[in-house]
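>>> Give me a 3D structure for the following:
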Amino acid sequence: MNKSTEANFIGQSEAQMRKGLLVYAVLLLLKDGKVYSSEIIGALRNAELIVVEGTLYPLLNRLAKDAVLAYEWQESEQGPPRKYYWLTEDGKTLLTNLKAAYQTLHHSIQTLEKGVKT
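Below is the predicted model of the structure:
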């Protein structure tokens with residue numbers, strides 16, 4: 001495999017892995033209470049899980065529509081009102097279930113990294 005093909009494959013695989021973890025990551029950020037949407041974006045950027053805002057807002061809207069998140073607008077002293085999100089009870093349940101799924105997958109990968117034993 002040439003370097004260009006390998007880099008392309010790695011890039012695509014990494015993007016798919018990030019995409020698969022995005023809901024779990026967002027729920028983790030909201031587990032302690034209300035969070036401003038820009039703070040979510042900043043935290044995801046700092047964790048190198050998201051680069052563009054256009055990825056996050058449709059996800060937040062979908063999760064709110066599915067009653068996983070709730071939100072409210074709060075007046076801001078520094079400009080327009082801000083939208084704050086938090087987990088609903090369904091969201092807390094989903095977070096618990098996603099954590100278990102992540103731990104199972106993580107364990108599975110660790111097992112594979114140790115090598116196949118027959």
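
>>> okay, CA-based contacts and neighbour counts for the rest of this
Noted.

>>> Isn't R18 up against L49?
Yes: if you go by CA atoms under 8 Å, R18 and L49 touch, sitting 5.9 Å apart.

>>> just how off-centre is the helix or strand G91 falls within within its chain?
For G91, the host element (DSSP states H and E) is helix 89-114. Remark: helix 89-114 is offset 13 Å from the chain centroid, using CA atoms, centre = their mean, to the nearest Å.

>>> Tell me the buried residues in that helix?
Buried residues in helix 89-114, counting neighbours by 16 or more other CA atoms under 10 Å, are found at G91, K92, L94, L95, L98, K99.

>>> Run through this protein and note the low-pLDDT ranges.
For the chain, the stretches flagged by pLDDT under 70 are 51, 118.

>>> Spell out for me which residue occupies the centre of it.
L22 (2.3 Å; CA atoms, centre = their mean).

>>> by contact count, what packs against the helix holding G91?
Judged by 3 or more CA pairs under 8 Å, 6 or more residues apart in numbering; DSSP states H and E, the packing partners of helix 89-114 are helix 3-30.
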